[in-house]
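Peer 1: fold the following and give me the result.
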Amino acid sequence: MRKPRFGSVLLAVAIATAGVIPLFAAPAGAANTCNGVGVAGGEFPNTPGAQSQWKIDCTTSAGTKVDNIIVADAGNAYWHRGAARKVTVTPTASSVNISFAASAITAADLRRPISGGCISGGAFIKSIVSTTVATLSKANGATGCAAVSAPVEHTNSRVLSDASCTASPAGVITSASGIFVATDIGMSVSGGPFKTGSRISAVTATTATVRLAANAAPGNAACTAPDTLTIGAATYTPSTAATPSWNTDPMSVVLQNSTANGQAFSCSGSTLTQTAASVAAGQNFSAAYVKIKIIIIIGPVIIIVTVNAATATTLTLSAPCPAGITATAGTAAIGEPGANAPKAGNSFASLSAELNLNPALVATIDDCGLNAFEGFQVIGTWANPINATTTGTGYTTTAVLGAPVLVSTGQVLFPTAVVSFAAYMRPQRTGGLAGGLPAGSHFEFIFPSLPTTLAVCLTAGNPANATGLAFGLAPTVLTTAPSLPTGSGNPADPGIRSIGPQTGGTHGQYTLKNGAAVVVANSPLPTCTIPTNLAVPAFACGDG
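Peer 2: You can find the predicted model right below:
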């Protein structure tokens, strides 16, 4: 059979990828592994505080079926997960004032970032003047100040644009707009003379004492107002700790009840209650969830509600729950996307495969017995738990292989001409839920369902050759115009993926599964050490 031109191969494989097991190519007899022995995979930039791309390569040997891949990222990798709510506000031109419907913004929103329209980048809510007026930390622009649906981020992580500071022998920040409170203790401080790892240890209303990173001398001695500092990109608990704690700000998540994954929530009367399983998987409620939007779906029924009150495990809703939610049925999407959330459909992931494609599916491909590998690449797009129009979840589930997992903060959709397949970002606050994956808080990238035998050449029902994939996850995406001013949004919530302020940490671990059976479990990826405050570039973990 004559080999088609490479472009024709790519087209044929793209059409057939509904049945492809996307695994990185390896010679026959290759071990079942991710990131081969001695290879740390891609991590670039490899430095604390970096927006970093992550790349993972996996291989499976001939005769091995794999339909479920879980890769755990390092504990110092931060993924997009923050929740916001939209509030219609009218900024006053060249003023710090905004106006809104009565009680749409309250004292609970103090220190929360807000953005949109002519609101300046990095602004947060500084004071409540009345039930319809609030002031911001920065003046609005002089033009274009019409009413706007503005995301209010449910976090106190914020940017100070009027800071002065000393950092020798101890750090002290002074900011008239800071409105520091006790809950700021432990929040990280970055910018100016403060190296990655610095954090607040004491506060007054306008000042914050800073514990310097590793008690080391700063790069510079001071900053002069109006300097810009970021508060709370990470949080240390207690402030003397060397490693940041799991972020407890509200998450924009999908909670999914299903036969395959179990129960994430129950809903009765006007109360939504999270299960112990969803708590362990990273979901945690608090009073900060009040006023956040929730979309609940059961069959064809969709209701849109807001949170009136919250405890650690329950949310009191503004309307009754729909009937029919059970341990195996029902979806709850919580939290609108914030200002720096990826836009629906933004491309950020790539998935490349090499495999011996079966000519029974793609007639222009050469015979299986030639053991010739074909290759392709598809691009993955992001979906938020709630879509832009808030009429349903942002996830695509119709004709998609891979149903949402118990708790997820985003869907990664790989579309093809036949059927699309999906991966999910899964938070793991306590770790170890998937069996063999690491303890401690981290995020996981999971393909819950991959067809393994439709497109590859088979022998006795098993892949006849080694097969494999490489998938790369970018730290940022292209956003749709008009873009928000620099500094808008939640500084604790990266666009896609960032490296946190702590150093060290392993690159992660992985599990390869065939149905419920574990093919390879508790297999660590090679160590990828995050060095301390680099002065020169580091390529120790590859170029991403």
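Peer 1: for this protein, which segments count as helices?
Peer 2: Ranges of helices within the chain are 6-16, 276-280, based on DSSP state H.
Peer 1: count the neighbours of Thr143 for me.
Peer 2: Thr143: 9 surrounding residues under other Cβ atoms under 10 Å. (C-beta placed from N, C-alpha, C; glycine too.)
Peer 1: check Ala399 too.
Peer 2: 9.
Peer 1: hang on, the earlier thing: hey, least reliable of the helices of the chain by pLDDT?
Peer 2: Lowest mean pLDDT within the helices of the chain: helix 6-16, a mean of 35.
Peer 1: please name the nearest non-neighbouring residue to Ala280.
Peer 2: With Cβ to Cβ, 6 or more residues apart in numbering as the criterion, Ala280 has its nearest non-adjacent residue at 5.2 Å, and that residue is Thr430.
Peer 1: from Asn257, how far off is that neighbour?
Peer 2: Distance of Thr430 to Asn257, given as Cβ to Cβ, to the nearest Å: 20 Å.
Peer 1: which of those two has more neighbours?
Peer 2: Asn257 (23 against 14).
Peer 1: quick one, what contacts the residue nearest to the more buried one when sequence neighbours are not counted?
Peer 2: Leaving aside its sequence neighbours, Asn257 sits nearest to Gly330 (Cβ to Cβ, 6+ apart; 4.5 Å). Residues in contact with Gly330 (Cβ atoms under 8 Å, 6 or more residues apart in numbering) are 256-257, 265, 267, 296-298, 324.
Peer 1: give me the most central residue, the chain.
Peer 2: His80 (2.7 Å; Cα atoms, centre = their mean).
Peer 1: domain assignment for this structure?
Peer 2: The record assigns the chain these domain ranges, following automatic domain parsing: 6-78+341-383+405-524, 86-150, 158-235, 253-334.
Peer 1: Gly232: what's it in contact with?
Peer 2: Residues near Gly232 by Cβ under 8 Å, 6+ apart: 155-158, 184, 187-188, 491-492.
Peer 1: filter the contacts of Gly330 down to the buried ones.
Peer 2: With burial judged by 16 or more other Cβ atoms under 10 Å, the buried subset of the contacts of Gly330 is 256-257, 265, 267, 296-298.
Peer 1: export the residues you listed to CSV and tack on pLDDT?
Peer 2: Below are the buried ones among the contacts of Gly330 laid out as CSV (pLDDT from 0 to 100):
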residue, pLDDT
Gln256, 96
Asn257, 96
Phe265, 97
Cys267, 97
Ile296, 96
Ile297, 94
Ile298, 95
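Peer 1: and the two most separated of the residues you listed?
Peer 2: Within these, Gln256 and Cys267 form the most distant pair, 13.0 Å apart (Cβ to Cβ).
Peer 1: returning to what we had before: hang on, the residue nearest to Ala280 packs against Ala439?
Peer 2: Yes: assessed by Cβ atoms under 8 Å, Thr430 is found in contact with Ala439 at 7.3 Å.
Peer 1: before we move on, the earlier item: quick one: the contacts of Gly232 as CSV, columns for pLDDT, neighbour count and distance to Leu454 too.
Peer 2: As requested, the contacts of Gly232 are exported to CSV (pLDDT from 0 to 100; neighbours: other Cβ atoms under 10 Å; distance: Cβ to Cβ, whole Å):
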residue, pLDDT, neighbour count, distance to Leu454
Thr155, 96, 25, 44
Asn156, 96, 23, 50
Ser157, 96, 26, 46
Arg158, 96, 29, 50
Asp184, 96, 23, 54
Met187, 94, 26, 50
Ser188, 92, 28, 48
Pro491, 89, 23, 45
Ala492, 89, 26, 42
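Peer 1: OK, contacts around the closest residue to Ala287 other than its chain neighbours?
Peer 2: Using Cβ to Cβ, 6+ apart and skipping the chain neighbours, the partner closest in space to Ala287 is Ala310 (5.5 Å). Residues in contact with Ala310 (Cβ under 8 Å, 6+ apart) are 285-290, 316.
Peer 1: among those, which are located in strands?
Peer 2: Using DSSP state E, the subset of the contacts of Ala310 located in strands is Thr316.
Peer 1: of the contacts of Ala310, closest to Lys195?
Peer 2: Of all those, Lys195 sits closest to Ala288, with 29.3 Å by Cβ to Cβ.
Peer 1: tell me the spacing between the closest one and Thr131.
Peer 2: In terms of Cβ to Cβ, Ala288 sits 21 Å off from Thr131.
Peer 1: got it, and Gln274?
Peer 2: 32 Å.
Peer 1: next one: Asn356
Peer 2: According to Cβ to Cβ, Asn356 stands 68 Å off from Thr131.
Peer 1: what does the model give the nearest residue to Ile379 once chain neighbours are set aside for pLDDT?
Peer 2: In space, and not counting its chain neighbours, Ile379 is closest to Ser347: 4.9 Å by Cβ to Cβ, 6+ apart. Here, the pLDDT recorded for Ser347 equals 91.
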